[in-house]
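[1] pasting the structure only:
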């Protein structure tokens, strides 16, 4: 299992469009993918779960990856978060 | 519910959600109240119940796929992404696994379980204080209601004749999108605020909208006269003559301009000194045909056949494709319809997941089709069969060398032989063209011109490839410059060399529908413009108000400039002076991005 802590960087936070980007990217990997925020843990491959998270700009999330391609998956997902989902940052 | 005489004027305040003033009669858009009943399901009917849910999901996918494609055409992929998210919800394995499990164990009907399961998520979201949570909840709710409606096999009427102000309790983003295919004057809703996705869409669609008007439907019946002022967030019900006059004064300024546009419908796209160009439209969905026919175009310059693949696991059969192509060709006849063969790969949908490091430089467009000759032949036969009325042409995307064109034309010959052998009619002299969107194709335009009957410039990709800029990448997207001097000089080269080679040269990228570019493109000698349908009147108006010589002169001046800023400023100044009424993209408020 790989654990990564990430910060939400884009202005609008984890809203519908980034949720779609995360889930689409996650679907390309086999590993299990969990996102935890404030004690609530959801499946990162489920868009409805990701949309349920209330993650504003600046909040931190813990990502967990479990499975054969967990390393590549962790890299790719972390990168997406670090790019602020390619959205305006300010 | 209907307003009672003597039609007293009432002024209601709401939230100004999208600017503009509209004056008209009300059409009340009613979505039947979704009543979710709790019902036991007999053990023998459990699988049937799950199947019923699945077909409702499938139907919902189909509906949303169309809405997504329509939104992409009208608003571009970034803004349309909201519908992509809604589609992803329909594929949510976690959600539907647990819904299916619960139907099995609790033996309750699908509506009840789905509704109940999604309530959990709404509860979680409503406890969030974060400001965007409500928008996300509305997206979920819109998808849930769509599935429920399909489960209950309710039909939703989203088509009407005439021009109306749409009034509704609430409108989702998908509702606003699909209703906009009609002549919508304005939207008025009881629920919703300025930040909702629906309001953002209305702004992008330029439909005046007032949201959050408390109990407005109580004051409105069918055909009630209203004024909707989307600047101040005001709705005037049964306006008095004085009020009406006041608002009409402001409205008239808009109408004068709109009126001159609709008068142009049956007039040719011809300059004052008689230089005629072909003004066609880009078509994605059959549903748009009615609207397109009303616009007065010279045909379809680009039909994106890959929209037939959205949501499909396999390529549609020759017969399925034929039905689609024939319907379009017949609706447009005798006007020409150019069908572009499947342009998949890059950022466009792919039925298989093929991972490439650099999809824009990878397996896409004609490259895929030449690697799948059976799929290609199915499509070519379908197009040929639809050409019997002699108004169909074929165009290949992503061509980068002559060999691809020759191979593709061999396949057309093979398809023709097969049809001939079966005695199936088709157009023996059907035109074949290529899209010029790879710089290499532009450089060899004169050679390509010997192989085909026309060239059509796809500016979106051509500019990205020429300037080495991915415009979807925020960091560099400012470098994507439609009026970069290199782009303009490249366009001149393609047009000159193509025409010198004896073929006509058109353009089907976004630039063709940009009013700022129209005079320049006419001056460069472009023969055909294929534009998004709602831009057609404005482009035609420009073409009909200029002299060819003056456009050529303008093009010469632009070709001598060495920065995009200089070119834009010059073109903007010319446009503002000649056509103060025509909005230019940069002069308009840019709609906020949809979240």
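    The structure has been received and is ready for your questions. Just so it is clear, the structure is predicted and the values come from calculations on it, not from any experiment.
[2] what values do phi and psi take at residue B:333?
    Here is the backbone geometry of residue B:333 (degrees, to the nearest 10): phi -50, psi 140.
[3] same thing with residue B:437?
    Taking degrees, to the nearest 10, you get phi -140, psi -10 for the backbone angles of residue B:437.
[4] just want the most central residue of chain B.
    In chain B, the centroid-proximal residue (Cα atoms, centre = their mean) is residue B:73; its distance is 1.9 Å.
[5] what about it, which helix or strand?
    Using DSSP states H and E, residue B:73 sits within helix B:46-75.
[6] say whether chain A is contacted by that helix.
    No: Helix B:46-75 is not in contact with chain A by Cβ under 8 Å from any Cβ of the partner chain; minimum separation 11.5 Å. Using the backbone N, CA and C atoms, a C-beta is placed for each residue, glycine as well.
[7] quick one, strands of chain A?
    Remark: strands assigned in chain A by DSSP state E are A:2-7, A:32-37, A:40-43, A:60-66.
[8] tell me the domain boundaries of chain B?
    Domain assignment for chain B by automatic domain parsing gives B:10-31+B:157-261, B:43-151, B:264-580.
[9] what's the average pLDDT for the shortest one?
    If I follow you right, that is domain B:43-151. Averaged over domain B:43-151, pLDDT sits at 88.
[10] that domain spans what distance, first to last residue?
    Across domain B:43-151, the terminal residues are separated by 19 Å (Cα to Cα, to the nearest Å).
[11] how far out from the middle of the chain is that domain?
    Offset of domain B:43-151 from its chain centre (Cα atoms, centre = their mean, to the nearest Å): 24 Å.
[12] same thing with the last one?
    Distance of domain B:264-580 from the chain centroid (Cα atoms, centre = their mean) equals 15 Å.
[13] rewinding a little: which residue is the nearest non-sequential neighbour of the residue nearest to the centre of chain B?
    The shortest distance from residue B:73 to any non-neighbouring residue, by Cβ to Cβ, 6 or more residues apart in numbering or on different chains, is to residue B:284 (4.6 Å).
[14] show me the contacts for that neighbour.
    Taking Cβ atoms under 8 Å, 6 or more residues apart in numbering or on different chains, we find residue B:284 in contact with B:69, B:70, B:72, B:73, B:303, B:304, B:307.
[15] the last one should be in a helix, yeah?
    Yes: membership of residue B:307 in a helix is supported by DSSP: H, G, I helix; E, B strand; the rest coil.
[16] so what's the residue count around it?
    Per other Cβ atoms under 10 Å in any protein chain shown, the neighbour tally for residue B:307 reads 22.
[17] ok, now the one 10 residues further on?
    The number of residues packed near residue B:317 is 11, by other Cβ under 10 Å.
[18] my read: it touches residue B:378, true?
    Yes: using Cβ atoms under 8 Å, residue B:317 is in contact with residue B:378, at 6.8 Å.
[19] so what touches stretch B:484-498?
    B:436, B:439, B:442, B:445-446, B:448-449, B:455, B:457, B:459, B:462-463, B:466-467, B:481, B:504-505, B:520-521, B:524-526, B:555, B:558-559, B:561-564, B:567.
[20] put the buried members of those residues into a ChimeraX selection.
    A single ChimeraX command is used to select the members of the contacts of stretch B:484-498 judged buried by 16 or more other Cβ atoms under 10 Å in any protein chain shown:
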select /B:436,439,442,445,446,448,449,455,457,459,462,463,466,467,481,504,505,520,521,524,525,526,555,558,559,561,564,567
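[21] ramachandran angles for the residue nearest to residue B:73?
    Main-chain torsions, residue B:284, degrees, to the nearest 10: phi -110, psi -40.
[22] relative to chain A, how far out is it?
    Distance, residue B:284 to chain A, using Cβ to the nearest Cβ, to the nearest Å: 21 Å.
[23] got a list of what residue 64 touches?
    Let's take chain A. With contact taken as Cβ under 8 Å, 6+ apart, residue A:64 is in contact with A:1, A:2, A:3, A:32, A:33, A:34, A:35, A:36.
[24] nope, chain B please
    By Cβ under 8 Å, 6+ apart, the contact list for residue B:64 reads B:83, B:86, B:87, B:90, B:143, B:146, B:174.
[25] and the residues you listed as a markdown table, adding distance to chain A and secondary structure?
    Listed next are the contacts of residue B:64 as a markdown table, based on distance: Cβ to the nearest Cβ, whole Å; DSSP: H, G, I helix; E, B strand; the rest coil:
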| residue | distance to chain A | secondary structure |
| --- | --- | --- |
| B:83 | 10 | helix |
| B:86 | 9 | helix |
| B:87 | 9 | helix |
| B:90 | 9 | helix |
| B:143 | 9 | helix |
| B:146 | 14 | helix |
| B:174 | 13 | helix |
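[26] farthest-separated two in the residues you listed?
    Using Cβ to Cβ, the two most remote members of those are B:90 and B:174, lying 12.1 Å apart.
[27] give me the more crowded residue out of those two.
    When neighbours are counted by other Cβ under 10 Å, residue B:174 comes out ahead of the other of residue B:90 and residue B:174, with 27 against 21.
[28] hang on, the more buried one packs against residue B:86?
    Yes: counting by Cβ under 8 Å, residue B:174 does reach residue B:86; the two are 6.9 Å apart.
[29] common neighbours of the two, please.
    Taking Cβ under 8 Å, 6+ apart as the contact rule, residue B:174 and residue B:86 both touch B:64, B:142.
[30] what lies in contact with the biggest helix by length in chain A?
    If you go by DSSP state H, chain A has its longest helix at helix A:70-82. Residues outside helix A:70-82 that contact it (Cβ under 8 Å, 6+ apart): A:1-2, A:4, A:6-9, A:21-22, A:25-26, A:28-29, A:31, A:33, A:44, A:61, A:63, A:65, A:67.
[31] pull out the buried members of those.
    For those, a burial check counting by 16+ other Cβ under 10 Å picks out A:6, A:8-9, A:21-22, A:25-26, A:29, A:31, A:33, A:44, A:61, A:63, A:65.
[32] just put those residues in a markdown table and tack on distance to residue B:178 and pLDDT.
    Listed next are these as a markdown table, based on distance: Cβ to Cβ, whole Å; pLDDT from 0 to 100:
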| residue | distance to residue B:178 | pLDDT |
| --- | --- | --- |
| A:6 | 37 | 94 |
| A:8 | 32 | 90 |
| A:9 | 34 | 87 |
| A:21 | 25 | 91 |
| A:22 | 27 | 94 |
| A:25 | 29 | 94 |
| A:26 | 30 | 95 |
| A:29 | 34 | 95 |
| A:31 | 38 | 96 |
| A:33 | 34 | 96 |
| A:44 | 31 | 95 |
| A:61 | 35 | 94 |
| A:63 | 37 | 96 |
| A:65 | 39 | 96 |
